[in-house]
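Chemist: show me how the following folds:
(one chain, ligands or ions: 2)
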Amino acid sequence: MFDKYSRNINYLRLSITDRCNLRCKYCMPDGCGMVGHEDILSYEEFLRLVRLFTQAGVEHVRVTGGEPLVRKGAAEFVRALKAVPGVKKVSLTTNGTLLGKYGEALAAAGLDSVNISLDTTDPALAREITGSDGVVDAVRESLALMRSLGVPVKLNAVLLAETAGTVPSLARFAEEGVPVRFIELMPMGVGKYGRGYDPDLALEDLRRIWPDLHPVDAHIGSGPAKYYASEALAAPIGFIDAVSHRFCASCNRVRLTSRGFLKPCLCFDEGADLRALLRSGAGDGDTLDAIKLTVFNKPRQHCFDTPQNMTESRLMSQIGG
Ligand code: SAM
Ligand code: SF4
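Modeler: Ligands and ions are numbered 1, 2, ... in the order given. Got it, this is the predicted structure:
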């Protein structure tokens, strides 16, 4: 499905819940209001929409949240997504803390890959950021489990001022063959009050350890990461620096929130209320038309450089990253 700037939109991110078992301070503040179960799309509603999205050209579906694994039946949902004609790939973004419980079921359901988020290897800092103990150990165990189950894993870390010192130790996961991607802090929701760490400085830090780090044309996943490789690393290191290096011209994605709102761009609250449409009894034809129109009108680019133009006020935990 092409938008009006001729971008091929084939990647759909589904946020299946806005709840989370962690409270990362740049994402989901304590005490933020939760959505009631009846406001969240049922799995049947998600599947009906995914069938329509595939008719419009979507091939890759990523399940995210909130923390997707706090929603009951997430592994069965992955299995159902895999069975939708036209879906070529189903992946998951998770904080990793519940993979010990659900990893095997997810692998058995046919999950194609998993991105695990971990912002620091320092347990005390991780506690400060997420509000929970034991996150670093849980992620290490989850990572090993998913690899042993044959599910490709990537590690995602948001670059924060307070975790800058642990960038090198996070990058060392790449020595073990796990691609590591550093994500620039985006001024979304409470993220706008946080202090990020400059991705260019992070790359300089890494070049002091691996001087031969050089750009490579790696095609890992469906994202916009720029990758760097070194002889000493078994996997590349990527940077997703949406704010300082705009890559909107090659954007291939749209997002569906847990309330069924179709978001064509992170920065803006324009989109389509597909939940209202479905629940008012709209047929597949009308719903597909609404999807295509919203995608066609996807904004040309984000406006992180002119925050006064941002109209989106949802938290990242409500959008899914
Ligand atoms: N709970 C899951 C997790 O943490 O991976 C999935 C949802 S979370 C919203 C998805 C991703 O968005 C995580 O990697 C998280 O670090 C990232 N994220 C959240 N807020 C962000 C922000 N303001 N800027 C950049 N990334 C952010
Ligand atoms: Fe939860 Fe993920 Fe947001 Fe952290 S980043 S609060 S784990 S949704």
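
Chemist: gap between residue 139 and ligand 1?
Modeler: Using Cβ to the nearest ligand atom, to the nearest Å, one obtains 10 Å as the distance from residue 139 to ligand 1. (Glycine included, C-beta is placed from N, CA and C.)

Chemist: from memory that residue sits against residue 97, does it?
Modeler: Yes: assessed by Cβ atoms under 8 Å, residue 139 is found in contact with residue 97 at 7.2 Å.

Chemist: between those two, which is the more surrounded one?
Modeler: Using other Cβ atoms under 10 Å as the criterion, residue 139 and residue 97 rank with residue 97 on top: 25 against 22.

Chemist: could you tell me whether that one really is in a strand?
Modeler: No: counting by DSSP: H, G, I helix; E, B strand; the rest coil, residue 97 is not found in a strand; it is coil.

Chemist: what's near enough to touch it?
Modeler: Applying Cβ atoms under 8 Å, 6 or more residues apart in numbering to residue 97 gives the contacts 21-22, 67, 132, 134-135, 138-139, 142.

Chemist: element containing residue 125, please.
Modeler: helix 123-130 (DSSP states H and E).

Chemist: list the helices and strands that helix packs on?
Modeler: Judged by 3 or more Cβ pairs under 8 Å, 6 or more residues apart in numbering; DSSP states H and E, helix 123-130 is in contact with helix 135-148.

Chemist: report whether the helix it packs on contacts ligand 2.
Modeler: No: on the criterion Cβ under 6 Å from any ligand atom, helix 135-148 is out of touch with ligand 2, staying 8.9 Å away.

Chemist: who are the packing partners of that helix?
Modeler: helix 99-108, strand 113-117, helix 123-130, strand 153-159.

Chemist: and the ones you listed: which comes nearest residue 28?
Modeler: helix 123-130 (9.8 Å; Cβ to Cβ).

Chemist: so which bits of the closest one are buried?
Modeler: 125-126, 129-130 (16 or more other Cβ atoms under 10 Å).

Chemist: please list the residues of the stretch 51-200 of the chain that sit near ligand 1.
Modeler: Counting by Cβ under 6 Å from any ligand atom, the stretch 51-200 of the chain sits next to ligand 1 at 64-65, 67, 93-95, 117, 156, 158, 183, 185-186, 188, 191.

Chemist: any chance of those residues in a markdown table, plus distance to residue 244?
Modeler: Listed next are those as a markdown table, based on distance: Cβ to Cβ, whole Å:
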| residue | distance to residue 244 |
| --- | --- |
| 64 | 23 |
| 65 | 26 |
| 67 | 28 |
| 93 | 22 |
| 94 | 26 |
| 95 | 25 |
| 117 | 20 |
| 156 | 17 |
| 158 | 14 |
| 183 | 12 |
| 185 | 11 |
| 186 | 11 |
| 188 | 15 |
| 191 | 15 |
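
Chemist: nearest to ligand 1 among the residues you listed?
Modeler: residue 191 (2.4 Å; Cβ to the nearest ligand atom).

Chemist: coming back round to it: make JSON lines out of the helices and strands packed on helix 135-148 and add mean pLDDT.
Modeler: Converted to JSON lines, those look like this (pLDDT from 0 to 100):
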{"stretch": "helix 99-108", "mean pLDDT": "98"}
{"stretch": "strand 113-117", "mean pLDDT": "98"}
{"stretch": "helix 123-130", "mean pLDDT": "98"}
{"stretch": "strand 153-159", "mean pLDDT": "98"}
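
Chemist: so can I have CSV of those showing distance to ligand 2?
Modeler: CSV is the format used below for these (distance: least, Cβ to the nearest ligand atom, whole Å):
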stretch, distance to ligand 2
helix 99-108, 13
strand 113-117, 6
helix 123-130, 6
strand 153-159, 8
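
Chemist: any chance of these in a markdown table, with distance to residue 238 too?
Modeler: Conversion of these to a markdown table gives the following (distance: least, Cβ to Cβ, whole Å):
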| stretch | distance to residue 238 |
| --- | --- |
| helix 99-108 | 21 |
| strand 113-117 | 11 |
| helix 123-130 | 21 |
| strand 153-159 | 8 |
